[in-house]
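> Could you work out the structure for the sequence below:
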Amino acid sequence: MKIEIWSDVMCPFCYIGKRNFETALAKFPEKEHIEVVWKSFQLDPTIPEVANETHEEYLVKRKGMSLDQVKGMLENVTQSAKQVGLDYHLDKSIIVNSQKAHQLIQFAKTKNLGDEAEERLFRAFFTEGKSIADIEALTQLGTEIGLDETELQAAFTDDKYAYLVNQDIQEARQIGVRGVPFFVVDRKYAVSGAQPAEAFLQMLEKAFPEWRKLNPENQLEITKGQSCTTDGKCE
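The predicted structure follows:
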């Protein structure tokens, strides 16, 4: 059963939502039948690729809040993250455009490393204060999750990956996504926001039996003999 997650690596609740979803999935007995697909979304595509203001300054301008209100909001988010085991250092976060980070994720998905890329970029932005628009930094992050340093340059030079990012964003608009994280389950159900793990588990328990009914497991009665497997074992 496919679960699509629209997310922006600059969204603090997307990282929290990811962790809560993972907690729920770990408790789900049929988790090996769940396919997670990460989808790109940009909360603010107008942000430049080179930072020209602090996180607090950006939010004061963006949200029209006072500096004290912004500091209080960031502290509340930091405490919410801590409750699920995440260590946010929002004072270090570099506010830059997330387009190139999403292109890296799209490339990583072609190598079955989409989840690893998402996780690494979240940690880079929220904990380590790395620039997620800097190609050199993104290359380092990509190699850390197992991508080839030379091959992954295609994420930034091949227009295909920018197109895939924009395609995800357009698809989000078509299905009514207004904020992230946004979880779509089997194209039948949707969950918006960083819900607690219990809510995600309830969603899985509701949707999976319906999916299984339409996708019955093929139970073959197998008579075993000598054979060779894809991992090179012959016995």
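
> what residue lies at the spatial centre of the chain?
Against the mean C-alpha coordinate of the chain, by CA atoms, centre = their mean, the closest residue is residue 118 at 4.5 Å.

> And the pLDDT for that one?
Residue 118 carries a pLDDT value of 98.

> Now do the contacts for it.
Contact partners of residue 118, counting by CB atoms under 8 Å, 6 or more residues apart in numbering, are 7, 9, 18, 38, 105. No exception for glycine: its C-beta is placed from N, CA and C like everyone else's.

> Now the phi/psi pair for it, please.
With angles defined as degrees, to the nearest 10, residue 118 sits at phi -60, psi -50.

> how about the strands in the protein?
For the chain, the strands defined by DSSP state E cover 2-7, 35-40, 182-185, 189-192.

> would JSON lines of these with distance to residue 145 and mean neighbour count be doable?
Formatted as JSON lines, these follow (distance: least, CB to CB, whole Å; neighbours: other CB atoms under 10 Å):
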{"stretch": "strand 2-7", "distance to residue 145": "17", "mean neighbour count": "21"}
{"stretch": "strand 35-40", "distance to residue 145": "13", "mean neighbour count": "19"}
{"stretch": "strand 182-185", "distance to residue 145": "23", "mean neighbour count": "22"}
{"stretch": "strand 189-192", "distance to residue 145": "26", "mean neighbour count": "16"}
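
> how about the helices of the protein, start to end?
Along the chain, counting by DSSP state H, helices occupy 12-27, 55-63, 67-83, 99-109, 114-126, 135-144, 154-157, 159-174, 197-214.

> could I get these as TSV with distance to residue 226?
Putting the helices of the chain into TSV (distance: least, CB to CB, whole Å) gives the following:
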stretch	distance to residue 226
helix 12-27	37
helix 55-63	62
helix 67-83	53
helix 99-109	38
helix 114-126	37
helix 135-144	41
helix 154-157	43
helix 159-174	44
helix 197-214	34
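
> So which of these is nearest residue 91?
Evaluated with CB to CB, the helices of the chain place helix 55-63 nearest to residue 91, the distance being 6.9 Å.

> List the contacts of that closest one.
Outside helix 55-63, the residues within contact range by CB under 8 Å, 6+ apart are 44, 47, 53, 65-67, 70-71, 73-74, 90-91, 93, 95.

> Adding pLDDT, distance to residue 81 and neighbour count, write these out as a markdown table.
Below are the contacts of helix 55-63 laid out as a markdown table (pLDDT from 0 to 100; distance: CB to CB, whole Å; neighbours: other CB atoms under 10 Å):
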| residue | pLDDT | distance to residue 81 | neighbour count |
| --- | --- | --- | --- |
| 44 | 97 | 20 | 12 |
| 47 | 97 | 21 | 20 |
| 53 | 93 | 22 | 14 |
| 65 | 95 | 20 | 15 |
| 66 | 96 | 23 | 10 |
| 67 | 96 | 21 | 11 |
| 70 | 96 | 16 | 19 |
| 71 | 96 | 16 | 16 |
| 73 | 97 | 13 | 16 |
| 74 | 97 | 10 | 18 |
| 90 | 96 | 9 | 21 |
| 91 | 94 | 14 | 12 |
| 93 | 96 | 12 | 25 |
| 95 | 97 | 18 | 23 |
